[in-house]
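K.L.:
my questions are about this predicted structure, shown below with the sequence.
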Amino acid sequence: MKKNIICTIFCLLALVSCSDFLDMKPTNQADSSSSVGTAEDAQVIINGLMRKMTSSSYYGRNMILYADAKGGDLCIGGRGRGYEQLFTFDHEPSSASYSGFWDQIYHSLTQINNLIANIDKITEAGNGSAALNHSKAQALTLRAICYFDLVRLYGKPYDMDKASYGVPLITTLIDASAQPTRASVEEIYTQIIKDLTDAIPLFTVSKKENGYINYYANVAMQARVYLQMQNYGAALTAAEEVINSNSYTLYSNANWLTSWSKQFQSESIFELAIYATEGDLGKSSLGSMTINTSHSAQTSWDYFIASDYFLNRLGEDPDDVRWGLMDVDEKSGKNGVPVRLGCCYKYLGGISCPGDGKATTTAVNIKVIRLSEVYLIAAEAALLKSPADKTKAADYLQEIRKRSPNLTPADATNVTFDMIANERSKELFCEGHRFFDMIRWNKPITFDDIWAQSTIPSRPASIDRTFNKAVLPIGRDEIQANPALKNQQNPGY
């Protein structure tokens, strides 16, 4: 861990140039009092954090593929193409551990903790400002997001075993030789909620800030976390605060499709910017992983295609507007396979691959939190809280269900959990939710193995959250760097 968590060189790949004040010793304990002197300095670090979140090992690609492939909505078109472990669960501490999640997120956390510590020093010295408070609010929210993602990747679901191992919880500057051990799942969630709520009074700007965390991104994240914790009352309250603010508006059916070819549209609550010269992964980008080989500029060979299970769900209405981002995959029309629209073009801006207005078509922004998700959170929370509010649940669900114009409208007499769950799958496809949803719902996941063209020995055809590889292993290098974690490896690895 002192290799990966602690020893982070504190010169960020910022969206603006690194300044001299970022020239720091590569240690988490170094006196960093000179690293942040002004609000402008803090903003440079925030810029760098936004850039780190677009890494291929985080939201730039793997986090989203992880959830949709492991959740059964994506499947692989063949073995040996790369990234297939996200579908086969063939993870071991020494191979395909996807330790990039651990490394990238803890590197970000080291920088966040440094930023918060520096802002606190300035404030305690009587030199604080509203702008610095706003930066601290962003940093606290980002720390909550990082730990929320880590605990879902490496820990059991909140309602399954709160006392089980989560991840090391580090919120202060620590010595580079420290060997922190894993906190419990419950302790991690307690810190997540604390950071989110502590940030709220520090925000000085509630309006939308393109590419950055704002007040409503924090509240939307609260809704997401409370839903995971099954605190349905709190989830509904947070979701309704975002909805009722009127700061964001849902895409109409007429503009849902084109919204993906534009940046920072009306539903985007937190959207990470990808630039042609910063963060664009080109042929290894998220968009390239889910498209057809016929687009010769992208050569990822249908790494991931929609499963039959997902296509059957979307196929409940042939006029669903979301078909507009789906196109034929490599299996379509071959060997007796009927036309199959298994390729998703969300992250290339549409089937014609227009991108979202930048010099390269693969530099498409990542929509981390959209208003559609908040409506679906509100629907689920309203239905599952005690007592249930079926009217609210149906009303919020129907606002998204309208994307399927031929389906019977949801109302208080017919709304069900399955309707909401199916709508989440259809609306949030390829946005990094399905696996985490199925795990928190304690639902079995059945995989569309037919297209893999070979057997999958590393997992059964159907799993539930008791399957040991439903969580990732701690990588071998991490354990070698921090022997204190050796006896805290996830079971079965």
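P.N.:
Cool, got the structure.
K.L.:
any residues touching stretch 246-260, and which ones?
P.N.:
Contacts to stretch 246-260, defined as Cβ atoms under 8 Å, 6 or more residues apart in numbering, come from residues 206-208, 216, 242, 265-269, 321-322, 324-325, 345-347, 349-350, 356, 364, 371-372, 375, 399-400, 402-403, 405. C-beta coordinates here come from the backbone N, C-alpha and C atoms, glycine included.
K.L.:
please point out which parts of that stretch sit buried.
P.N.:
Using 16 or more other Cβ atoms under 10 Å as the test for burial, stretch 246-260 gives 247-248, 250-251, 253, 256-257, 259-260.
K.L.:
got CSV for the residues you listed, with distance to L236 and secondary structure too?
P.N.:
Below are the buried residues of stretch 246-260 laid out as CSV (distance: Cβ to Cβ, whole Å; DSSP: H, G, I helix; E, B strand; the rest coil):
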residue, distance to L236, secondary structure
S247, 18, coil
Y248, 17, coil
L250, 18, coil
Y251, 22, coil
N253, 26, helix
W256, 25, helix
L257, 30, coil
S259, 26, helix
W260, 28, helix
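K.L.:
W441: which of those is nearest?
P.N.:
Among the buried residues of stretch 246-260, L250 lies closest to W441 (Cβ to Cβ), at 24.2 Å.
K.L.:
any idea how far S97 is from the closest one?
P.N.:
L250 sits 39 Å away from S97, going by Cβ to Cβ, to the nearest Å.
K.L.:
just L115 next, same as before
P.N.:
For L115 relative to S97 (Cβ to Cβ), the value is 29 Å.
K.L.:
before we move on, back to that, and the buried residues of stretch 246-260, which two are the farthest apart?
P.N.:
Across these (Cβ to Cβ), the longest gap, 23.1 Å, separates S247 and L257.
K.L.:
re earlier: tell me the one of the buried residues of stretch 246-260 nearest E316?
P.N.:
N253 (15.8 Å).
K.L.:
all the strands of the stretch 51-200 of the chain, residue numbers only.
P.N.:
Ranges of strands within the stretch 51-200 of the chain are 74-76, 165-168, 182-184, based on DSSP state E, counting those that start in this stretch.
K.L.:
got the contact list for the longest one?
P.N.:
Right, the one you point to is strand 165-168. 1, 5, 147, 150-151, 154-155, 180-188, 485, 488, 490.
K.L.:
one more: stretch 202-214?
P.N.:
Residues contacting stretch 202-214 (Cβ under 8 Å, 6+ apart): 46, 50, 130-131, 133-134, 136-138, 140-142, 215-216, 218, 245, 247-248, 263-264, 268-273, 365.
K.L.:
so for that stretch, mean pLDDT?
P.N.:
Mean pLDDT, stretch 202-214: 90.
K.L.:
any weak-confidence spans in the stretch 301-450 of the chain?
P.N.:
301-302 (pLDDT under 70).
K.L.:
quick one: the helices in it, in order.
P.N.:
308-314, 371-384, 390-401, 417-427, 434-440 (DSSP state H, counting those that start in this stretch).
K.L.:
repeat that for the stretch 151-300 of the chain.
P.N.:
Under DSSP H, counting those that start in this stretch, the stretch 151-300 of the chain gives helices at 185-199, 215-228, 232-244, 253-256.
K.L.:
so which of these gets nearest A381?
P.N.:
Distance to A381, taken as Cβ to Cβ, is lowest for helix 232-244 among the helices of the stretch 151-300 of the chain, at 3.9 Å.
K.L.:
my guess is L371 contacts E271. True?
P.N.:
No: with contact defined as Cβ atoms under 8 Å, L371 and E271 do not form a contacting pair (11.5 Å).
K.L.:
who has more neighbours out of the two?
P.N.:
L371 (24 against 21; other Cβ atoms under 10 Å).
K.L.:
let me see the contact set for that one.
P.N.:
Contacts of L371 by Cβ under 8 Å, 6+ apart are 242-243, 248-250, 266-267, 269.
K.L.:
now I439
P.N.:
Taking Cβ under 8 Å, 6+ apart as the test, what I439 contacts is 152, 157, 465, 470.
K.L.:
check these and tell me the two furthest apart.
P.N.:
R152 and R465 (11.3 Å).
K.L.:
ok, and the closest non-adjacent residue to L227?
P.N.:
The shortest distance from L227 to any non-neighbouring residue, by Cβ to Cβ, 6 or more residues apart in numbering, is to A235 (4.3 Å).
K.L.:
what about the one you found, neighbour count?
P.N.:
When neighbours are counted by other Cβ under 10 Å, A235 comes out with 26.
K.L.:
can you check R81 too?
P.N.:
For R81, using other Cβ under 10 Å, the count is 14.
K.L.:
that one against T293, yeah?
P.N.:
No: the pair R81 / T293 is not scored as a contact, 11.0 Å apart, by Cβ under 8 Å.
K.L.:
quick one on the thing from earlier: of all the contacts of I439, which comes closest to I122?
P.N.:
Nearest to I122 among the contacts of I439 is R152, at 33.4 Å by Cβ to Cβ.
K.L.:
tell me if I'm right that that closest one and G432 touch.
P.N.:
No: if you go by Cβ under 8 Å, R152 and G432 don't touch, sitting 10.6 Å apart.
K.L.:
higher neighbour count, the two?
P.N.:
With neighbours defined as other Cβ under 10 Å, R152 and G432 compare such that R152 has more, 25 against 21.
K.L.:
let me see the contact set for the more buried one.
P.N.:
Contacts for R152 (Cβ under 8 Å, 6+ apart) come out as 228, 436, 439.
K.L.:
would you reformat these as CSV and include distance to I200?
P.N.:
Shown next, in CSV, are those (distance: Cβ to Cβ, whole Å):
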residue, distance to I200
Q228, 19
F436, 24
I439, 28
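K.L.:
hang on, the earlier thing: which of the contacts of stretch 202-214 are buried?
P.N.:
Buried among those (16+ other Cβ under 10 Å): 46, 50, 133-134, 136-138, 140-142, 215-216, 218, 247-248, 263, 268-273, 365.
K.L.:
which residue sits closest to P318, ignoring its sequence neighbours?
P.N.:
Nearest non-adjacent residue to P318 (Cβ to Cβ, 6+ apart): N406, at 7.6 Å.
K.L.:
how many residues are close by that neighbour?
P.N.:
9.
K.L.:
next one: V374
P.N.:
27.
K.L.:
pretty sure M419 is in contact with Y396, am I right?
P.N.:
No: with contact defined as Cβ under 8 Å, M419 does not count as touching Y396 (11.5 Å).
K.L.:
still on that earlier bit, which one of the helices of the stretch 151-300 of the chain has the most crowded surroundings?
P.N.:
The highest mean neighbour count among the helices of the stretch 151-300 of the chain, using mean count of other Cβ atoms under 10 Å, belongs to helix 215-228: a mean of 24.
K.L.:
so what's S462 up against?
P.N.:
Counting by Cβ under 8 Å, 6+ apart, S462 touches 444-447.
K.L.:
at 10 Å instead, please
P.N.:
72, 444-447, 449 (Cβ atoms under 10 Å, 6 or more residues apart in numbering).
K.L.:
can you check K426 too?
P.N.:
So K426 contacts 73, 310, 313-314, 316-317, 320, 322, 400-401, 403-404 (Cβ under 10 Å, 6+ apart).
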